[in-house]
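Chemist: can you look at this prediction? I've put the sequence above it.
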Amino acid sequence: MCGRTACTLAPEEIRRACRYLDRQGRHRTPQWRDGDQNKYAPSYNKSPQSNSPVLVSQRHFQKEPFFKGQRCVVLADGFYEWQRSKTEIQPYFIYFPQDVNKVKNDPEELVDSEVWNGWRLLTIAGLFDCWKSPVGGEPLYSYTIITVEASKAMKGIHDRMPAVLDGEDKIRRWLDFGEIKAQEAFKLIHPIEAICLHPVSSIVNNSRNNVPERIKPIEPDSAEKSNRSGNSKMMLNWLAKGSPKKAEPAPSPTVKTEMQSFKRSSASLMQSWLQKPGGSMAKRPRSNRDSEIP
């Protein structure tokens, strides 16, 4: 896995998309650490050098020192991988299957409550570290993504894949370093089949290209045209509406699944996500400056 992802939600949207139930069954929404939301900029093309949203346990900030290799969850709309053959290299976008009964086609419907009815974020197991300069200054946080052998859904694209945590319980257990020790937590790390993927344009090859077309499905040049994943069609419909959540980003500081039920019901979600009302393409993801906080 090359480490290239897309994460196009604004900071407030990321909070809502990560809403969870605590042990008492109460709904909770994660909080950004002070100032961190201003360091993050939504992007269709995040390289390893950019700032990305990561979930960590609050307990890490309630004691010293930080230990190396602390567990975290890396958030993304999806990630990119390149299929190599003798004649060409084809990029793919890989993401979670989407529930068409939950995901709203109209992004305007997403700002009415704390409940998130938008695109389901991919949740990837990772490890993070914190470095503090001996001469002072702001701590530097970094993370690494854990990879595993590719699942059957991914093997045709690459021989490795990120360790995806599918479900709220797996995320909670991975982050709970106090009660879930490393040996038990590592049982959560394995390939999964519940992913979707579709081919995308080669403009993704240049990390400076931060445009919606990066994740838009393209028509393969073969008989596979008729087999486009239903979830890729869902993403098209989602992108076509052109959410106000997808405007100019703030400056940054420094497969196809075999779940047939998705194939029939998600024909136009990605298209609505990519385009503004009236059919024009949304140019850039929205920044924190444009966020609408419910």
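Modeler: Arrived safely.

Chemist: so where's the stretch 1-150 of the chain uncertain?
Modeler: Within the stretch 1-150 of the chain, the stretches with pLDDT under 70 are 1-2, 63-69, 101-114.

Chemist: the helices in it, which residues?
Modeler: 11-17, 36-39 (DSSP state H, counting those that start in this stretch).

Chemist: what comes up buried for the last one?
Modeler: Read it as helix 36-39. For helix 36-39, the neighbour count (16 or more other Cβ atoms under 10 Å) marks 37-39 as buried. From N, CA and C alone the C-beta is placed, and that goes for glycine too.

Chemist: again, but for the longest one
Modeler: Burial within helix 11-17, assessed by neighbour count using 16+ other Cβ under 10 Å, is assigned to 11-17.

Chemist: export that helix to CSV, keeping only CA atoms.
Modeler: Provided in CSV are the C-alpha atoms of helix 11-17 (Å, rounded to 0.1, in the frame of the first residue of the first chain):
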residue,chain,number,x,y,z
PRO,A,11,-13.4,18.9,10.5
GLU,A,12,-16.9,19.2,12.0
GLU,A,13,-18.2,16.5,9.6
ILE,A,14,-15.4,14.1,10.6
ARG,A,15,-16.5,14.5,14.2
ARG,A,16,-20.1,13.6,13.3
ALA,A,17,-19.0,10.7,11.0
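
Chemist: just to revisit the earlier point, would TSV of the buried residues of helix 36-39 with distance to L121 be doable?
Modeler: Formatted as TSV, the buried residues of helix 36-39 follow (distance: Cβ to Cβ, whole Å):
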residue	distance to L121
Q37	16
N38	20
K39	19
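
Chemist: now do the contacts for the closest residue to P48 other than its chain neighbours.
Modeler: Excluding the flanking residues, the one nearest P48 by Cβ to Cβ, 6 or more residues apart in numbering is G3, at 4.5 Å. Applying Cβ atoms under 8 Å, 6 or more residues apart in numbering to G3 gives the contacts 47-48, 145.

Chemist: could you tell me which of these are located in strands?
Modeler: If you go by DSSP state E, the contacts of G3 have I145 in strands.

Chemist: how many residues are close by the residue nearest to L122 when sequence neighbours are not counted?
Modeler: Nearest non-adjacent residue to L122, counting by Cβ to Cβ, 6+ apart: A76, 4.9 Å away. By other Cβ atoms under 10 Å, the residues close to A76 number 24.

Chemist: now swap in E184 and tell me
Modeler: Using other Cβ under 10 Å, E184 has 10 neighbouring residues.

Chemist: may I ask which helix or strand encompasses it?
Modeler: Assigned by DSSP states H and E, E184 falls within helix 182-185.

Chemist: buried ones in that helix?
Modeler: Of all the residues in helix 182-185, those buried under the rule 16+ other Cβ under 10 Å are A185.
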